[in-house]
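In: sequence and predicted structure below; questions after.
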Amino acid sequence: MGKSLLLKLSILLLILGIGIHNPAMAAGNSSQDIKKAEESVNRAIDLASQGNLAEAENAYDQFNKTWRQIEEEIKAYSITAYRDIESSMGKVVYAFTINKQDQVLLALKDLKVVNEKFATGGYHKESDLKKEDLSLDDFILILQKTKKEILEENKLGATEGIKNASDSWLSVEGVVVAQSASIYSDTERDLVAVQAMLNANPPDYKEAKKLIDNMVTNLTPLATKSQYTYWDAAMILIREGLEALLVVIALMSFVKKSADSKGKAWIWTGVLTGLGVSVILALIVKFVISSGAFGNNNALIGGWTGVFAAVMLLYMSYWLHSQSNIADWNRYIHEKSQNALTTGKLVSLGVLAFLAVFREGTETVLFYIGMASQIKLQSLLLGFLIGAAILGILAYLMVFVGLKLPLRPFFMVSSVIVFYLCIKFTGMGIHSLQLAGLLPTTNAPGIPNIEFFALYSTWESAIPQIILVLAAILILLIKKIKNKNLKTVNTN
């Protein structure tokens with residue numbers, strides 16, 4: 001009796017196991033659910049076509065209620081499908097908010113297309129967030145498939161293809177940057193540009209195909225390299241760490257001039273915290289959810305930290321410039337007495353150091369993890385030590401030279417360096433948000449791509465940088481006029 005019961009239970013568990021792990025069954029149930037929910041979308045489209053937006057919104061609300069009941073099973077089957085449906089729903093909500101019939105219809109029809117794609121098996125089963133990391137050959141294949149969709153002028157397929165490439169970029173960028181910094185920058189830039197071309201009205205298929213051809217041509221030779229040297233490892237740290245180093249050195253030199261020991265502690269706290277969080281996050285990405293699944297989130301992190309750091313750098317640049325007058329600086333120190341820096345400024349020094357190190361540190365650690373399987377451990381460690389040593393020498397020279405400068409030139413040079421970093425972080429931050437799909441991209445052919453300033457030929461990233469430069473020039477002119485008038489008054 002006991003054996004019979006055990007046998008029955010085993011068979012039952014086997015059947016349940018097959019049912020749980022059978023993609024067809026899982027997809028079938030989800031497909032039926034989404035088809036039923038889509039009836040509300042169809043009603044909303046009919047009502048919106050008649051101009052009855054209020055009733056159309058009520059019909060859509062019914063879809064939303066049903067979606068909340070079935071979203072977990074769809075998410076368990078395909079995180080990509082879940083994300084695409086949620087994104088389409090967000091566009092519908094926005095369209096109803098602005099209350100424009102054509103926008104509502106367009107958003108509802110886009111949602112219907114995504115729903116039907118899922119219902120007809122257009123999404124493959126994924127193991128939730130645990131996607132396998134891609135090789136550079138796999139990434140090139142994604143680009144080639146996207147090119148095929150472009151040649152057929154299939155906007156939906158091409159858009160999904162380039163979005164897949166953007167999300168997968170993190171898996172291969174370490175391999176690319178270790179061999180060519182220029183190809184790395186060009187590819188990251190072109191991924192954003194192709195998205196803009198495909199989303200244009202009408203889509204610019206010709207230029208999009210041209211950019212994808214360029215990416216494939218540039219990346220293909222890099223895919224053949226199977227072994228890296230210690231110098232490849234060293235260059236990653238030098239290249240990625242230099243910008244963070246410039247921020248930290250500017251902060252350190254500043255607190256040395258102000259003779260405030262508390263400032264150093266805050267800066268070092270920010271640096272060490274940034275390094276620690278970078279390593280922890282990179283390890284989680286690699287061993288828990290994989291870099292392939294984290295690509296979009298990494299772009300968001302890089303984007304937001306870049307933008308926040310740029311805002312703080314802008315304030316710091318202005319403040320440093322305003323203290324370049326020796327009388328103003330002496331007055332400031334006298335007012336603060338023993339405490340040269342206020343608590344707010346001390347905290348901001350630490351936060352800025354953290355943002356700079358965290359933004360570059362996460363990228364650096366992910367790059368090293370990406371190339372770890374293709375380099376000897378001794379070469380990796382040697383390269384890291386060489387890179388760290390070179391950065392250390394540069395840091396010492398910068399601090400030494402900075403302390404030797406008289407007060408006025410020190411503040412002037414520091415403000416220029418910090419303002420340059422503000423411009424660059426602004427461009428990099430906005431570009432990362434575009435890569436994540438959070439910000440739109442409008443190509444600006446008349447604006448050149450200049451890597452040194454992180455200037456990209458898109459209006460969304462270039463306009464804020466142009467405004468910053470114009471504002472800086474205006475402030476300098478106003479200050480010059482005020483100083484001139486003040487001299488005239490004193491002379492009289």
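Out: On my side now, so go ahead.
In: Gly122 and Glu160, how far apart?
Out: 9 Å (Cβ to Cβ, to the nearest Å). Where C-beta positions appear, they are placed from N, C-alpha and C, glycine not excepted.
In: neighbour-wise, which of those two wins?
Out: Neighbour count, other Cβ atoms under 10 Å: between Gly122 and Glu160, Glu160 has more, with 20 against 16.
In: so what touches stretch 91-101?
Out: Stretch 91-101 has contacts (Cβ atoms under 8 Å, 6 or more residues apart in numbering) with 48, 51, 53, 56-57, 60, 103-104, 106-108, 110-111.
In: hmm, 7 Å instead?
Out: Contacts to stretch 91-101, defined as Cβ atoms under 7 Å, 6 or more residues apart in numbering, come from residues 48, 51, 53, 57, 60, 103-104, 107-108, 110-111.
In: as JSON lines, those with secondary structure would be great.
Out: Conversion of these to JSON lines gives the following (DSSP: H, G, I helix; E, B strand; the rest coil):
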{"residue": "Ala48", "secondary structure": "helix"}
{"residue": "Gly51", "secondary structure": "coil"}
{"residue": "Leu53", "secondary structure": "helix"}
{"residue": "Glu57", "secondary structure": "helix"}
{"residue": "Tyr60", "secondary structure": "helix"}
{"residue": "Gln103", "secondary structure": "helix"}
{"residue": "Val104", "secondary structure": "helix"}
{"residue": "Ala107", "secondary structure": "helix"}
{"residue": "Leu108", "secondary structure": "helix"}
{"residue": "Asp110", "secondary structure": "helix"}
{"residue": "Leu111", "secondary structure": "helix"}
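In: weed out the non-buried ones from the residues you listed.
Out: Buried members of the contacts of stretch 91-101, counted by 16 or more other Cβ atoms under 10 Å: 48, 53, 57, 60, 103-104, 107-108, 110-111.
In: and the closest residue to Glu86 other than its chain neighbours, how far from Phe63?
Out: In this structure, Glu86 finds its nearest non-sequential neighbour in Glu71, 7.9 Å apart by Cβ to Cβ, 6 or more residues apart in numbering. From Glu71 over to Phe63 the distance is 12 Å, taken as Cβ to Cβ.
In: same question for Thr442.
Out: When Thr442 is compared with Phe63 (using Cβ to Cβ), they lie 31 Å apart.
In: swap in Ala208?
Out: 33 Å.
In: so which bits of the helix or strand encompassing Leu272 are buried?
Out: Using DSSP states H and E, Leu272 sits in helix 261-284. Of the residues in helix 261-284, 263, 266-267, 270-271, 273-275, 278, 281-282 count as buried by neighbour count, 16+ other Cβ under 10 Å.
In: now do that helix, average pLDDT.
Out: Mean pLDDT, helix 261-284: 80.
In: could you do stretch 425-444 as well?
Out: 79.
In: straight-line length of that stretch, end to end?
Out: 20 Å (Cα to Cα, to the nearest Å).
In: go ahead and name everything in contact with that stretch.
Out: Here stretch 425-444 makes contact (Cβ under 7 Å, 6+ apart) with 163, 166, 188, 191-193, 195-197, 296, 299-300, 302-303, 306-307, 309-310, 313, 453-462, 464-465, 468.
In: nearest spatial neighbour of Gln144, skipping sequence neighbours?
Out: Val216 (6.4 Å).
In: I should have written Lys35 there, sorry.
Out: Residue nearest to Lys35 in three dimensions, not counting chain neighbours: Ala119, with 5.1 Å by Cβ to Cβ, 6+ apart.
In: isn't the one you found right next to Asp33, touching?
Out: No. Contact criterion Cβ atoms under 7 Å: Ala119 and Asp33 do not qualify, at 9.1 Å.
In: run through the stretch 301-450 of the chain and note the low-pLDDT ranges.
Out: 301-302, 318-345, 366, 369-374, 402-411, 436 (pLDDT under 70).
In: mind listing the helices for it?
Out: For the stretch 301-450 of the chain, helices defined by DSSP state H, counting those that start in this stretch occupy the ranges 326-336, 343-371, 377-404, 407-435.
In: distance to Tyr94 and mean neighbour count added to those helices, as CSV?
Out: Formatted as CSV, the helices of the stretch 301-450 of the chain follow (distance: least, Cβ to Cβ, whole Å; neighbours: other Cβ atoms under 10 Å):
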stretch, distance to Tyr94, mean neighbour count
helix 326-336, 47, 13
helix 343-371, 30, 22
helix 377-404, 45, 15
helix 407-435, 18, 22
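In: which of those sits closest to Glu240?
Out: The minimum distance between Glu240 and the helices of the stretch 301-450 of the chain falls on helix 343-371, with 4.3 Å, by Cβ to Cβ.
In: what helices and strands are in contact with the closest one?
Out: helix 155-179, helix 230-258, helix 261-284, helix 291-322 (3 or more Cβ pairs under 7 Å, 6 or more residues apart in numbering; DSSP states H and E).
In: dump the ones you listed to JSON lines, plus distance to Gly446.
Out: Formatted as JSON lines, the helices and strands packed on helix 343-371 follow (distance: least, Cβ to Cβ, whole Å):
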{"stretch": "helix 155-179", "distance to Gly446": "24"}
{"stretch": "helix 230-258", "distance to Gly446": "27"}
{"stretch": "helix 261-284", "distance to Gly446": "37"}
{"stretch": "helix 291-322", "distance to Gly446": "24"}
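In: out of the ones you listed, nearest to Leu143?
Out: helix 155-179 (5.9 Å).
In: following the closest one, which helix or strand comes up?
Out: Counting by DSSP H and E, the element after helix 155-179 in chain order, helix or strand, is helix 181-199.
In: buried residues, that next one. List them.
Out: 183-199.
In: that one to helix 155-179, inter-axis angle?
Out: 170 degrees (axes from the mean of the first three to the mean of the last three Cα atoms, to 10 degrees).
In: buried ones in the helix or strand following helix 181-199?
Out: Where DSSP H and E defines the elements, the next helix or strand beyond helix 181-199 is helix 205-219. Residues 205, 207-209, 211-212, 215-216, 218-219 are the ones in helix 205-219 that count as buried (16+ other Cβ under 10 Å).
In: could you give the mean pLDDT of helix 205-219?
Out: Mean predicted confidence for helix 205-219 is 91.
In: who touches that helix?
Out: By Cβ under 7 Å, 6+ apart, helix 205-219 touches 136, 140, 143-144, 146-147, 150-151, 153, 176, 183, 186-187, 190, 193-194, 197-198.
In: then stretch 304-312?
Out: By Cβ under 7 Å, 6+ apart, stretch 304-312 touches 348, 351-352, 355-356, 358-359, 422, 425-426, 428-430, 432.
In: ok, now with 10 Å
Out: 243-244, 247, 274, 348-349, 351-356, 358-360, 362, 418, 421-433, 436, 438, 454, 464-465, 468 (Cβ atoms under 10 Å, 6 or more residues apart in numbering).
In: related to what we said a few turns ago, ok, the buried residues of helix 261-284 vs Lys479, which is closest?
Out: Gly263 (26.0 Å).
In: the spatially closest residue to that closest one that is not a sequence neighbour and Lys264, how far apart?
Out: Distance criterion Cβ to Cβ, 6+ apart; nearest residue to Gly263, sequence neighbours excluded, is Val255 at 3.2 Å. Distance, Val255 to Lys264, using Cβ to Cβ: 6 Å.
In: quick check: neighbours shared by the two?
Out: Leu349.
In: contact partners for the residue lying closest to Leu314 once chain neighbours are set aside?
Out: The shortest distance from Leu314 to any residue other than its chain neighbours is 4.7 Å, reached at Cys422 (Cβ to Cβ, 6+ apart). Listed by Cβ under 10 Å, 6+ apart, the contact set of Cys422 reads 247, 309-318, 465, 468, 472.
In: switch the cut-off to 7 Å
Out: Counting by Cβ under 7 Å, 6+ apart, Cys422 has contacts 310, 313-314, 317, 468.
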